[in-house]
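[1] Return atomic coordinates for the entry below.
(2 chains)
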Amino acid sequence: MQFKQSQLDNGLQVIGEVNPAAASMAVGFFVRTGSRDETATISGVSHFLEHMMFKGTARRSPFDINREFDQMGAVYNAFTSEENTVYYAAVLPEFQPPLMDLLGDMLRPALRQEDFDTEKNVILEEIKLYEDRPQFRLYEQLMREHFLPHPLGQNVLGTPSSVTALKRQDMQDYFDRRYAPGNVALVAVGNFDWPALLEQVREACGHWVDYSVDRQRESWPGSRKTAHMQDAKLLRQHVGLMSSAPSAQSDQRYSAHLLAAILGDVTGSRLFYALVEPAIAEEASCSYDELDGAGAFLTFLSASPQRAGQALDIARGEYQKFLQAGPTESELVAAKNKIASSITLRGELPMGRLTAVGFDWVYRKTYGSLAQHVECILAVTARQVLEVARQHDLLAATTVTLGPRPAL
Amino acid sequence: MVVAVILARQEALPRLFLRRVPNRLVDKRRSGPPAESDPGVDETFYIHKLDNGLTLLAQRLEQFTSSAFTLLLPAGAAADPSQAAGASAVACDWLLRGAGQRTTRQLHDILDSLGCQHHEDSNSAHLSLSSAQLGLNLMPVLEVYADIVMQPHLGEDSFPACRNLVLQALEGVEDEPMRKCSFMIREQFYPWPLGRNPLGDRQSLEGMNAPDLRRHVQRCMTPRQSLLAVAGNFDWGTLVETVERLFSPWKGQEPPPVGLRPAEGGAKQISKQTAQAQITLAYSSVTLRQEQYYAARVAEMVLSGGMSARLFTEVREKRGLVYSVGARYHALKDYAGMFVYAGTGPERAQETLNVTVHELRRLGEDIEPGELVRAKTQLKAALVMQGESTAARADALAGDYYHLDRLRSLAEISAAVDGVTVEQVLEHVRSYPPRPLTVLTIGPQPLDLSICA
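    Residues are numbered from 1 along each chain as shown, chains lettered A, B, ... in the order given. So this is what the prediction gives:
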């Protein structure tokens, strides 16, 4: 496994982890932009633009792009979050040259009016699709309640009205502000040819013109508000808690991952024994989201409307207990082994390594091998985990409920 | 569970629409020295049968740190007693509520401390127990699973919670129309009870009791017809020895046969205030044992293999009617189908249905050479890339052996895919036309289904 790094004259970062033993390679353009970089009038533009990247360039139609990916047998897609937009593909190594030509070209889209109009309907359908998913609605509302007026509270999808009102030129302007080469990293992992990759990236992206791109990154403790979304059509009551956590740049992030696993992994955690094993809640989990200059612990519960209040009280009680005594040694060992196992399993797939290597670079401008990450997890002490819990009180949380009950 | 919001350009179809029968790259090897590997592809396979009927399948993948196994037990949802639909799903949870010398907590603690990523699942034919972990923990984890299989406590006291969790999961499905559809279309399409919702129904679950379920589980958790598939970096001699030592005391009879009733088929429209109308269609296809299997998989790719495939191009790219549309092949041992899904706003549901059905019918008219080439490339690339996960490999070994009673090599599959011609695909599509269509819709208004007749 070899780490490689370079930078084009225009500022585009090129990062690689070469693994000659892999059967495939994965490549992604990581663009440091998302809904937190939007204003209210263009809410949803990052995600809509991500779709438009597949709709053609000066030399390719939308159908050319799809066809060329499929001709390579590529596994390909793109995603947008509050702060990152990533375009990626995994192929067999023989397809490295055409893949780099295609992906590089795509990142300078034509944004044709006709395609813009058609794709807008797809986005509006995607918004509707998520309306039929209670857990997603809850998450979106929780982000809003917790973060607004901080930009991290701005929804990725936008709203039907913001998307409907969006003009092609708004998108072009946003693209011209955010897609500077210095704001993009090209990440490759698996079995690929590094010198050739550099050449191919230069060929495809060397002409991009650089300019400076900003992001507001002030810290934010979260609102700690409580909100209820009543929906009489639902049978289940969903509860979400969000509280502050170490940022993606913090040295405490390994401890934070362990804390979330001890408290709320899907098996063997405090919430599991307190809520799922006795069937008070069907789902009870805690996870940790690393964000740029911020972080969040997210607790999620799903229970019957009658028992949701009890489930929430029990979850809070568990957090309270943890704050007093911290983790037991066996809990800590189990959580470490689970996380080490899980990152190893993910890391065995080029696609799994791609996001790990990519986000290491995007957030921290560092590279860590899989073994180094495992070592960092194994080195965390019980005291460090407790310290994170005390510094970031999970009970000081923003709370949102969704379900048939008007309140809990 | 919500972890983070990641909005992708194209979403995978709901889990039940995904292939349960992955592509695989496997060869038939008997217990003994491994065969030579093909250049560049690790294809070292083993098969060993225990006297009690359990079959051990394995693929050694030396470059991996992890190892994974899948244990398929003939205790799937189709075998649920008729008055106890959901038994298999309840059993999935109940099996982990204490086994051998360990209590529930001790059992979870030992699996956690071994870094197990374990998963219990109930599908039509099998109750499946799978686990992935670091390779060095494989043997200790197998020891724990030997207890789970042979000495589960199945205690009276833990039964109500297990049943309750399945009841809650069933309610959760009601809140998510896309998931509900994916369960219901199978129920309607396959002969009863093969497509039955593994979560069962409220009435059956409420009527279930611990002694009856225990008897059922003990009857169906039998080594006869059970498959244990292992993929990763292991020593074959040690693996056989360990599995013999751990599992040879396991005894059981042949699993009871499942009596079938003809499929319900036809059309159903469920009225519900949803944001999107859900449209699901199904029609017959060939099983893995049938001659046209590879032609069917190529046809699936032409329809829905990638973003250049017909459904995505016509329904989404050209018309912007949907975010999600696709078709997936799904096979049980003796029945198989193509399952088609589209979700769209109620006002555009009729057009979406019409365009989708039109595309299904048009497939039999002609297929361009370029479409054939792309379909084959996708199938073959997927084979290689799936080979990069030990968990996917273990699933594939078990699935292959279940369907075919043998394992296939990558070379065999590649050659078979390469050999498919346009004429063969067309012949397949014409002999398995999308007519009659089994139809299920969920949404605020019923659709005009005359096009589906």
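
[2] Chain A contacts on the stretch 101-250 of chain B?
    With C-beta under 8 Å from any C-beta of the partner chain as the criterion, the stretch 101-250 of chain B meets chain A at residues B:104-105, B:108-109, B:111-118, B:132-134, B:160-162, B:164-165, B:168-169, B:171-172, B:174-178. Any C-beta I mention is one placed from the backbone N, CA and C, and that applies to glycine too.

[3] Repeat the analysis, applying 6 Å as the threshold.
    B:108, B:112-113, B:115, B:117, B:132-134, B:161, B:164-165, B:168-169, B:171-172, B:174-175, B:177 (C-beta under 6 Å from any C-beta of the partner chain).

[4] For chain A, give the residue positioned nearest to chain B.
    A:G73 (2.8 Å; C-beta to the nearest C-beta).

[5] Please report the distance of that residue from B:T274.
    Distance from A:G73 to B:T274, counting by C-beta to C-beta, to the nearest Å: 35 Å.

[6] ditto for B:E314
    Taken as C-beta to C-beta, the span from B:E314 to B:T274 is 24 Å.

[7] So for the two, which sits in the more crowded spot?
    Neighbour comparison, B:E314 and B:T274: the larger count goes to B:T274, with 22 against 17 (by other C-beta atoms under 10 Å in any protein chain shown).

[8] Assign a three-state SS to that one, would you?
    coil (DSSP: H, G, I helix; E, B strand; the rest coil).

[9] Repeat that for A:G56.
    coil.

[10] Contact partners for it?
    Going by C-beta atoms under 6 Å, 6 or more residues apart in numbering or on different chains, A:G56 touches A:P62, A:A110.

[11] Quick check on it: phi, psi?
    phi 110, psi 160 (degrees, to the nearest 10).

[12] ok, how many other residues are close to A:Q2?
    If you count neighbours by other C-beta under 10 Å, A:Q2 ends up with 10.

[13] now swap in B:R245 and tell me
    Residues lying near B:R245 (other C-beta under 10 Å) number 12.

[14] Now do the end-to-end distance for stretch B:84-104.
    Stretch B:84-104 stretches 24 Å from its first residue to its last (C-alpha to C-alpha, to the nearest Å).

[15] Tell me which residues are up against it.
    B:75-77, B:80, B:107, B:120, B:122, B:127, B:147-148, B:151-154, B:158, B:162-163, B:165-166, B:198-201, B:204-205, B:208, B:213, B:216-217.

[16] Can you spell out the domain ranges of the chain, please?
    By default, I'm working from chain A. A:2-205, A:226-403 (automatic domain parsing).

[17] Let me rephrase: I mean chain B.
    According to automatic domain parsing, the ranges for chain B are B:15-247, B:267-452.

[18] To A:L103, which of those domains lies closest?
    Among the domains of chain B, the nearest to A:L103 by C-beta to C-beta is domain B:267-452 (14.1 Å).

[19] Just the pLDDT for the residue lying farthest from the centre of chain A.
    Centroid-distance maximum for chain A: A:Q306 at 33.0 Å, with C-alpha atoms, centre = their mean. A:Q306 carries a pLDDT score of 97 in this model.

[20] Can you pull the phi/psi pair for it?
    Phi and psi for A:Q306, reported as degrees, to the nearest 10, are phi -70, psi -30.

[21] go on, B:H216?
    Per-residue torsions, B:H216: phi -60, psi -50 (degrees, to the nearest 10).

[22] From B:V141, how far off is A:L354?
    Taken as C-beta to C-beta, the span from A:L354 to B:V141 is 28 Å.

[23] what's next to stretch A:264-284, contact-wise?
    By C-beta under 6 Å, 6+ apart, stretch A:264-284 touches A:263, A:285-286, A:301-303, A:307, A:311, A:314, A:318, B:108, B:112, B:161, B:164-165, B:168-169.

[24] Quick check: buried residues in that stretch?
    For stretch A:264-284, a neighbour-count test (16 or more other C-beta atoms under 10 Å in any protein chain shown) marks A:264-277, A:279-284 as buried.

[25] can you give me the end-to-end distance of it?
    Terminal residues of stretch A:264-284 lie 7 Å apart, using C-alpha to C-alpha.

[26] Off-centre distance for it?
    A distance of 24 Å separates the centroid of the chain from that of stretch A:264-284, by C-alpha atoms, centre = their mean, to the nearest Å.

[27] Kindly report the same for stretch A:233-247.
    With C-alpha atoms, centre = their mean, you get 17 Å for stretch A:233-247.

[28] And stretch B:58-65, by the same measure?
    Computed by C-alpha atoms, centre = their mean, the chain-centroid distance of stretch B:58-65 equals 23 Å.

[29] Tabulate the CA atom coordinates of it in PDB.
    The C-alpha coordinates for stretch B:58-65 follow below in PDB (Å, rounded to 0.1, in the frame of the first residue of the first chain):
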ATOM      1  CA  ALA B  58     -15.200 -22.400   1.300                       C
ATOM      2  CA  GLN B  59     -13.100 -20.000  -0.800                       C
ATOM      3  CA  ARG B  60      -9.600 -19.000   0.400                       C
ATOM      4  CA  LEU B  61      -8.700 -15.400  -0.300                       C
ATOM      5  CA  GLU B  62      -5.200 -14.900   0.800                       C
ATOM      6  CA  GLN B  63      -5.000 -11.200   0.400                       C
ATOM      7  CA  PHE B  64      -7.700 -10.500   2.900                       C
ATOM      8  CA  THR B  65      -7.400  -9.800   6.600                       C
END
